[in-house]
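[1] pasting the structure only:
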């Protein structure tokens with residue numbers, strides 16, 4: 001028997017490429033972070049990771065949640081400890097004002113993942129859509145607030161350049 005395919009493949013309806021890409025790109029982040037956990041950051045690589053602080057499985061200090069009530073961007077570069085990657089997300093300890101703080105971030109909470117050293121970036125958007133017959137071919141993640149399929153796309157790095 002063949003193993004089941006990734007989330008988003010329902011042969012009775014159609015192939016949900018948006019969900020499949022979403023799942024694949026989260027897997028890419030998992031692979032990259034797992035390598036960093038095992039071997040450290042190579043060369044000039046570093047990451048800006050923005051995540052939804054309201055996700056139910058995000059665990060951060062209360063003072064961080066109060067300061068970042070919707071989303072937070074972390075930088076994984078010079079100082080980090082205890083990076084542990086699982087199938088569902090990652091934990092990491094970062095330094096905030098000389099105070100180490102552990103963070104638990106599920107992959108489903110990640111909104112952007114950027115490595116400016118090689119001009120690589122991903123952005124994940126979730127839209128809700130009650131009309132499943134609507135053509136959803138937009139790679140830009142249009143403003144359709146009713147689309148239930150998460151979209152993933154390449155993000156412009158201009159806002160990270162100095």
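    Perfect, I can see it now. What you see is a predicted model, and the numbers here were worked out from it, not measured in a lab. Numbering: from 1, shown residues only.
[2] From now on I want contacts and neighbour counts done on CA atoms only, so please keep to that.
    Fine.
[3] Now do the strands in this structure.
    In the chain, the strands defined using DSSP state E lie at 9-10, 14-15, 47-52, 71-76, 80-85, 89-96, 99-106, 110-115, 120-126, 150-154.
[4] which stretch among those comes nearest residue 36?
    strand 80-85 (8.1 Å; Cα to Cα).
[5] any idea of the mean pLDDT for the biggest helix by length in the chain?
    Longest helix in the chain, counting residues (DSSP state H): helix 17-39. For helix 17-39, mean pLDDT is 92.
[6] Please apply the same query to stretch 80-99.
    Stretch 80-99 comes out at a mean pLDDT of 92.
[7] What's the end-to-end length of that stretch?
    12 Å (Cα to Cα, to the nearest Å).
[8] And residue 47, what's its pLDDT?
    Looking at residue 47, its pLDDT is 94.
[9] on that earlier part again, using JSON lines, please lay out the strands of the chain together with mean neighbour count.
    Shown next, in JSON lines, are the strands of the chain (neighbours: other Cα atoms under 10 Å):
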{"stretch": "strand 9-10", "mean neighbour count": "13"}
{"stretch": "strand 14-15", "mean neighbour count": "10"}
{"stretch": "strand 47-52", "mean neighbour count": "20"}
{"stretch": "strand 71-76", "mean neighbour count": "16"}
{"stretch": "strand 80-85", "mean neighbour count": "17"}
{"stretch": "strand 89-96", "mean neighbour count": "17"}
{"stretch": "strand 99-106", "mean neighbour count": "17"}
{"stretch": "strand 110-115", "mean neighbour count": "22"}
{"stretch": "strand 120-126", "mean neighbour count": "18"}
{"stretch": "strand 150-154", "mean neighbour count": "20"}
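[10] could you dump these to CSV with distance to residue 22?
    Compiled in CSV, those are given as follows (distance: least, Cα to Cα, whole Å):
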stretch, distance to residue 22
strand 9-10, 12
strand 14-15, 13
strand 47-52, 15
strand 71-76, 19
strand 80-85, 18
strand 89-96, 14
strand 99-106, 14
strand 110-115, 11
strand 120-126, 7
strand 150-154, 5
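[11] of all those, which lies closest to residue 23?
    strand 150-154 (9.1 Å).
[12] ok, back up a step: of the strands of the chain, which is nearest residue 39?
    Of the strands of the chain, nearest to residue 39 by Cα to Cα is strand 80-85, at 10.9 Å.
[13] residues in contact with that closest one?
    Applying Cα atoms under 8 Å, 6 or more residues apart in numbering, the external contacts of strand 80-85 come out as 30, 33, 34, 37, 90, 91, 92, 93, 94, 95.
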